[in-house]
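Engineer: after the sequence you'll find the predicted model.
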Amino acid sequence: MKSIGIMGGTFDPIHIGHLLAAETALDACQLDEVWFIPTNVPPLKEGTQGVDAEKRLRLVRLAIAGEPRFNAHTIELERGGVSYSYDTITVLMEREPDCTFAYIIGSDRIHDLPKWHRIDELAKLIRFIGVERPDEPIELERLPEHLRRRVSVVEMPPMGISSTDIRRRRMSGRSIRYLVSEPVYSEIMKEGLYGPRSDD
């Protein structure tokens with residue numbers, strides 16, 4: 001059986017914190033691959049997004065191009081509507097019977113697990129990898145016991161980067177260089193995503 005970690009999210013835009021979380025989980029939990037699955041419409045996030053799905057997917061593909069164990073999948077974008085992890089997993093398990101799956105979740109989202117759509121059924125199908133930052137500890141005791149048993153916690157180096165902050169920086173004219181990978185930075189500046197187009 002191949003062990004697959006799933007990184008879901010809007011990736012609006014994908015940044016080096018996402019890549020570091022994926023690498024941390026891959027190594028610590030001995031995963032074979034990490035699949036990045038951009039969300040179409042996230043069920044638990046509010047507010048408008050920065051760019052459309054096609055551009056977000058392109059940025060993901062640029063960001064992971066140098067790592068053969070990272071792959072981008074379009075299952076949620078193809079399905080449309082609100083992206084529920086339970087629906088995604090049931091389809092993936094049918095398509096990929098020789099794979100086991102685990103969701104990779106950051107410290108900022110792990111405590112939201114009880115709010116996930118059909119979480120009790122989902123937790124019977126997969127495990128969760130909580131990627132913990134030193135400045136934002138994961139408190140497993142906040143989760144119900146049946147969910148707590150399904151979470152493995154791995155520690156990630158501190159990195160205070162968010163897609164929201166990157167969008168704000170672009171809109172206010174501040175630099176985002178080194179917050180995203182070089183190919184992603186070049187694409188954002190060339191296409192004028194989240195802010196003005198570069199004249200270079």
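Structural biologist: Yep, that arrived. Only a predicted model underlies this, so the values are computations on that prediction, with no experimental measurement involved.

Engineer: what about this structure, any weak spots by pLDDT?
Structural biologist: 45-49, 199-200 (pLDDT under 70).

Engineer: could you redo the last one with a cut-off of 50?
Structural biologist: In the predicted model of the chain, residues 47 satisfy pLDDT under 50.

Engineer: what segments of it are strands?
Structural biologist: With strands called from DSSP state E, the chain shows them at 2-9, 33-38, 70-72, 99-106, 127-132, 151-155.

Engineer: out of these, deepest packed?
Structural biologist: Ranked by mean neighbour count under mean count of other CB atoms under 10 Å, those are led by strand 33-38, which reaches a mean of 23. Bear in mind the C-beta positions are built from the backbone N, C-alpha and C, glycine included.

Engineer: packing partners of that strand?
Structural biologist: With contacts taken as 3 or more CB pairs under 8 Å, 6 or more residues apart in numbering; DSSP states H and E, strand 33-38 sits against strand 2-9, helix 16-28, helix 53-64, strand 70-72, helix 75-79.

Engineer: who does the first one pair up with?
Structural biologist: On the basis of DSSP bridges, the sheet neighbours of strand 2-9 come out as strand 33-38 (parallel), strand 99-106 (parallel).

Engineer: to residue 70, which of these lies closest?
Structural biologist: Evaluated over the strands paired with strand 2-9, closeness to residue 70 peaks at strand 33-38, with 5.3 Å, by CB to CB.

Engineer: give me the contacts around the closest one.
Structural biologist: Residues from elsewhere that reach strand 33-38 (CB atoms under 8 Å, 6 or more residues apart in numbering): 2-11, 14, 18, 22, 25-26, 53, 56-57, 60, 64, 69-77, 88, 104.

Engineer: 7 Å instead, please
Structural biologist: With CB atoms under 7 Å, 6 or more residues apart in numbering as the test, strand 33-38 has contacts from 4-8, 10-11, 22, 25-26, 53, 56-57, 60, 64, 69-73, 75-77, 88, 104.

Engineer: distance of the residue lying closest to residue 74 once chain neighbours are set aside from residue 187?
Structural biologist: Spatial nearest neighbour of residue 74, chain neighbours left out: residue 57 (6.5 Å); criterion: CB to CB, 6 or more residues apart in numbering. For residue 57, the distance to residue 187 equals 12 Å [CB to CB, to the nearest Å].
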